[in-house]
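Undergrad: take a look and give me a structure for this.
(chains A and B)
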2 protein chains.
Amino acid sequence: MREIVIGGAQLGAIQKSDSRESVVQRMLALLEQARQQGCELVVFPELALTTFFPRWYMEDQAEVDTWFEREMPSAVTQPLFDYSREHAIALSFGYAELTAEGRHFNTSILTDRQGNIVGKYRKVHLPGHVEFDTDRDFQHLEKRYFEPGDLGFPTWSSQDAVMGMCICNDRRWPETYRVMGLQGVELVMLGYNTPSINSQNRSEGEEQRLFHSELVMQAGAYQNATWVVGVAKGGVEDGFPLMGGSVIIDPNGFVVARAKGQGDELITHRCDMDLCNFGKTTIFDFARHRRIEHYGIITSQTGVKRSA
Amino acid sequence: MREIVIGGAQLGAIQKSDSRESVVQRMLALLEQARQQGCELVVFPELALTTFFPRWYMEDQAEVDTWFEREMPSAVTQPLFDYSREHAIALSFGYAELTAEGRHFNTSILTDRQGNIVGKYRKVHLPGHVEFDTDRDFQHLEKRYFEPGDLGFPTWSSQDAVMGMCICNDRRWPETYRVMGLQGVELVMLGYNTPSINSQNRSEGEEQRLFHSELVMQAGAYQNATWVVGVAKGGVEDGFPLMGGSVIIDPNGFVVARAKGQGDELITHRCDMDLCNFGKTTIFDFARHRRIEHYGIITSQTGVKRSA
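TA: Below is the predicted model:
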């Protein structure tokens, strides 16, 4: 057995006016719960330090940049890394990254149990749009504020497991899991901020959106024989509801832990990485069963081309 | 609206000793039910004409070939095509195909509403093994008796919809749906023969296997905004149980019809192909959102390579 006690640290709403310091205090409170429950790795959501600012249309780049982090750790986030080192709890969380070259990414990091950053991921599948869209009930401007990630889907060996990350909308794309699966991933960590209502179809509410979210993560887990930890930012941010539903999913695709509410909440599970072995060596032994000669257009073609 | 009334015609067990003629009679009885319910297209399972013979180890190729069809239509299957033409019901069903060149495939065909074959698919993802495996509770010799399909995953325009097919184990592979999704598929038809117990893990029984089967088809439907019709051969064949669970799944991933038993049983649904439009033009508008520059190893690499 290769067990890791994993915590999914769901965050409730973060209002526009909430300071990063106040959020870090909430994250530390969840880490303290996690420590008491023996967690060795804790996963926080996407853009964990601020409100989900891509719902706000901004034209002033200086204003946009106030939502981004120019360094990590920073003074305000250092207590998280200190806690990690002191209590031997690895961390993963998301934040908006502004690089020294002025590039903007939707990023997440992974630390080891000594608080050292060992992995960085930049969101590849940015949902939403670039310009103000009057047809939507609310805006989703990730394509305006971020550029697509430039790091692909790397994996890292840490805590005797092969780990990978993705972010929010990435989880809906089977390519995300497969690229990591082809590297032998055993644990996929992801955070999300998912509105409870489809901005382009009001009849698609929280129940359907929770179903879709679990469906894609369960399929990704099963089809690649990997653990998946999906962690929400939930609750109502300045009038806009985000769904909760954080889950830990085993390599058979079964949900083994699920958040009950939409606020700050820790879910935990003792995850045995060796549970990945059966699927990876039988039905999903890629080397024996995949037929890449028939997959060509998956990588040669971006959009739909009707052949018939 | 572009509605097609679709029938999923589950077949119960076919014993080794059952003649093809007797099976065709059962298929005609299901077609008659389908006609009474207004079906315009009926989908039958994989290897619909015979027992699931890959569970039997054979060394004599002449014996193996008795399970294969050398022509389609054949004398014994002609009544199906006649029924199709007379009642304007398109058909899809699977059979073991032996070509004039002596090649063996696990094949399915699609007809139009005049009983003309308009599409042929040959199973790409063959599960199982080549040699007798003493570690299994029973054999699954598809890799012995068939070669992998050589036609890829084509799609066809028929009945004012973009249609595709796959077979059984193909449904567990997201690449299957994606290659068709990139051709704009709106209806994926598939049949299966799935043992109720995992031959390599007795604790994995019918409940878990039905869950996996639905999970992968639901994910494939949602992630490509397509209808999926999955049709079982169920029941106990010469002592070996196959699961039922035939389903029709809408482009949101919801099951809209599900077989209750494990015998011959028709499920139907009035399927509006225009329900595919919303997903295909929003969250799964591939042209806007896919990032093929990060998918490379999906087609360049068959098995797992650990990078870390």
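
Undergrad: now the element after the longest helix along chain A, going C-ward?
TA: Longest helix in chain A, counting residues (DSSP state H): helix A:206-224. Per DSSP states H and E, helix A:206-224 leads on to strand A:227-232 as the next helix or strand towards the C-terminus.

Undergrad: what sits up against that following strand?
TA: For strand A:227-232, the external contacting residues (Cβ atoms under 8 Å, 6 or more residues apart in numbering or on different chains) are A:6, A:8-11, A:43-45, A:171, A:177, A:186-194, A:213, A:217-218, A:220-221, A:242-251, A:259, A:262, A:271, A:273, A:275-276. Where C-beta positions appear, they are placed from N, C-alpha and C, glycine not excepted.

Undergrad: check these one by one and keep those near chain B.
TA: Contacts with chain B within the contacts of strand A:227-232, as defined by Cβ under 8 Å from any Cβ of the partner chain: A:Tyr177, A:Gln218.

Undergrad: out of the contacts of strand A:227-232, list just those in helices.
TA: Judged by DSSP H, the contacts of strand A:227-232 include A:Tyr177, A:Ser213, A:Met217, A:Gln218, A:Gly220, A:Ala221 as members of helices.

Undergrad: got TSV for the residues you listed, with pLDDT and neighbour count too?
TA: Putting the ones in helices among the contacts of strand A:227-232 into TSV (pLDDT from 0 to 100; neighbours: other Cβ atoms under 10 Å in any protein chain shown) gives the following:
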residue	pLDDT	neighbour count
A:Tyr177	98	27
A:Ser213	98	21
A:Met217	98	26
A:Gln218	98	25
A:Gly220	98	30
A:Ala221	99	30
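
Undergrad: nearest to chain B, of these?
TA: Nearest to chain B among the ones in helices among the contacts of strand A:227-232 is A:Gln218, at 5.7 Å by Cβ to the nearest Cβ.

Undergrad: so what's the closest one up against?
TA: A:Gln218 touches A:Val228, A:Ile249, A:Gly253, A:Phe254, A:Val255, B:Leu215, B:Ala219, counting by Cβ under 8 Å, 6+ apart.

Undergrad: how about those residues in JSON lines, adding neighbour count and distance to B:Arg209?
TA: Conversion of the contacts of A:Gln218 to JSON lines gives the following (neighbours: other Cβ atoms under 10 Å in any protein chain shown; distance: Cβ to Cβ, whole Å):
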{"residue": "A:Val228", "neighbour count": "29", "distance to B:Arg209": "20"}
{"residue": "A:Ile249", "neighbour count": "26", "distance to B:Arg209": "18"}
{"residue": "A:Gly253", "neighbour count": "25", "distance to B:Arg209": "12"}
{"residue": "A:Phe254", "neighbour count": "15", "distance to B:Arg209": "13"}
{"residue": "A:Val255", "neighbour count": "17", "distance to B:Arg209": "17"}
{"residue": "B:Leu215", "neighbour count": "22", "distance to B:Arg209": "10"}
{"residue": "B:Ala219", "neighbour count": "28", "distance to B:Arg209": "16"}
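
Undergrad: wait, which of the residues you listed is closest to B:Asp135?
TA: For the contacts of A:Gln218, the minimum distance to B:Asp135 (Cβ to Cβ) is 24.3 Å, reached by A:Gly253.

Undergrad: quick one: secondary structure of that closest one?
TA: At A:Gly253 the chain is in coil, as set by DSSP: H, G, I helix; E, B strand; the rest coil.

Undergrad: quick one: it and chain B, what's the gap?
TA: According to Cβ to the nearest Cβ, to the nearest Å, A:Gly253 stands 6 Å off from chain B.

Undergrad: so what pLDDT did that residue get?
TA: With respect to pLDDT, A:Gly253 scores 98.

Undergrad: for the residue nearest to it when sequence neighbours are not counted, give me its contacts.
TA: Excluding the flanking residues, the one nearest A:Gly253 by Cβ to Cβ, 6 or more residues apart in numbering or on different chains is A:Tyr222, at 3.3 Å. Counting by Cβ under 8 Å, 6+ apart, A:Tyr222 touches A:Pro251, A:Asn252, A:Gly253, A:Gly279, B:His212, B:Leu215, B:Val216.

Undergrad: still on that earlier bit, how about the ones in helices among the contacts of strand A:227-232, which pair is most distant?
TA: Pairwise across those, and taking Cβ to Cβ, the largest span is found between A:Tyr177 and A:Ser213, at 14.1 Å.

Undergrad: and for stretch A:61-78, what's in contact with it?
TA: Taking Cβ under 8 Å, 6+ apart as the rule, stretch A:61-78 contacts A:20-21, A:24, A:49-50, A:53, A:58, A:80-81, A:95-98, A:100, A:104, A:109, A:117, A:145.

Undergrad: make a PyMOL selection of the buried ones in those residues.
TA: Here is the PyMOL command that selects the buried residues among the contacts of stretch A:61-78 (16 or more other Cβ atoms under 10 Å in any protein chain shown):
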select buried, chain A and resi 20+24+49+50+53+58+80+81+95+96+97+98+104+109+145
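
Undergrad: in the stretch 1-150 of chain A, what residue lies closest to chain B?
TA: Closest point on the stretch 1-150 of chain A to chain B, by Cβ to the nearest Cβ, is A:Val124, at 5.0 Å.

Undergrad: burial count for that residue?
TA: 26 (other Cβ atoms under 10 Å in any protein chain shown).

Undergrad: would you mind measuring from A:Ala225 to chain B?
TA: Distance of A:Ala225 to chain B, computed by Cβ to the nearest Cβ: 10 Å.

Undergrad: buried ones in stretch A:278-295?
TA: Those buried within stretch A:278-295 under the rule 16+ other Cβ under 10 Å are A:278-280, A:282-284, A:286, A:288-292, A:294-295.

Undergrad: can you tell me how far A:Ser84 sits from A:Tyr177?
TA: For A:Ser84, the distance to A:Tyr177 equals 27 Å [Cβ to Cβ, to the nearest Å].

Undergrad: up against chain B, what does the stretch 101-250 of chain A have?
TA: Contact residues, the stretch 101-250 of chain A versus chain B (Cβ under 8 Å from any Cβ): A:124-127, A:148-149, A:152-157, A:162, A:169, A:172-175, A:177-179, A:181-184, A:200-201, A:208, A:211-212, A:215-216, A:218-219, A:222-223.

Undergrad: buried subset of those residues as a ChimeraX selection?
TA: Only the buried entries of these go into this ChimeraX selection, using 16+ other Cβ under 10 Å:
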select /A:124,125,126,127,148,149,152,153,154,155,156,162,169,172,173,174,175,177,178,179,181,182,183,184,208,211,212,215,216,218,219,222,223
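
Undergrad: quick one: residues contacting A:Met217.
TA: Per Cβ under 8 Å, 6+ apart, neighbours of A:Met217: A:Arg171, A:Leu190, A:Val228, A:Gly230, A:Val247, A:Ile249.

Undergrad: please tell me how far it sits from A:Val231.
TA: 11 Å.

Undergrad: helices of the stretch 51-200 of chain A, start to end?
TA: Here the stretch 51-200 of chain A has its helices, by DSSP state H, counting those that start in this stretch, at A:61-65, A:78-87, A:142-145, A:174-181.

Undergrad: list the contacts of the last one.
TA: To tie it back to what came earlier, the one meant is helix A:174-181. Residues from elsewhere that reach helix A:174-181, judged by Cβ under 8 Å, 6+ apart: A:124-125, A:152-153, A:155, A:164, A:166, A:170, A:185, A:188, A:216, A:219-221, A:223-226, A:228, A:284, A:286, A:298, B:174-175, B:177-178, B:219, B:223, B:290, B:294-295, B:297-298, B:304.

Undergrad: would you confirm that A:Thr107 contacts A:Val124?
TA: No. Proximity of A:Thr107 to A:Val124 does not meet the contact threshold set by Cβ atoms under 8 Å, at 11.4 Å.

Undergrad: which neighbours do the two have in common?
TA: Common neighbours of A:Thr107 and A:Val124, using Cβ under 8 Å, 6+ apart, are A:Gly149.

Undergrad: about what we covered before: just put the contacts of A:Met217 in CSV and tack on distance to A:Ala62 and pLDDT.
TA: CSV is the format used below for these (distance: Cβ to Cβ, whole Å; pLDDT from 0 to 100):
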residue, distance to A:Ala62, pLDDT
A:Arg171, 32, 98
A:Leu190, 30, 98
A:Val228, 38, 99
A:Gly230, 34, 98
A:Val247, 38, 98
A:Ile249, 41, 98
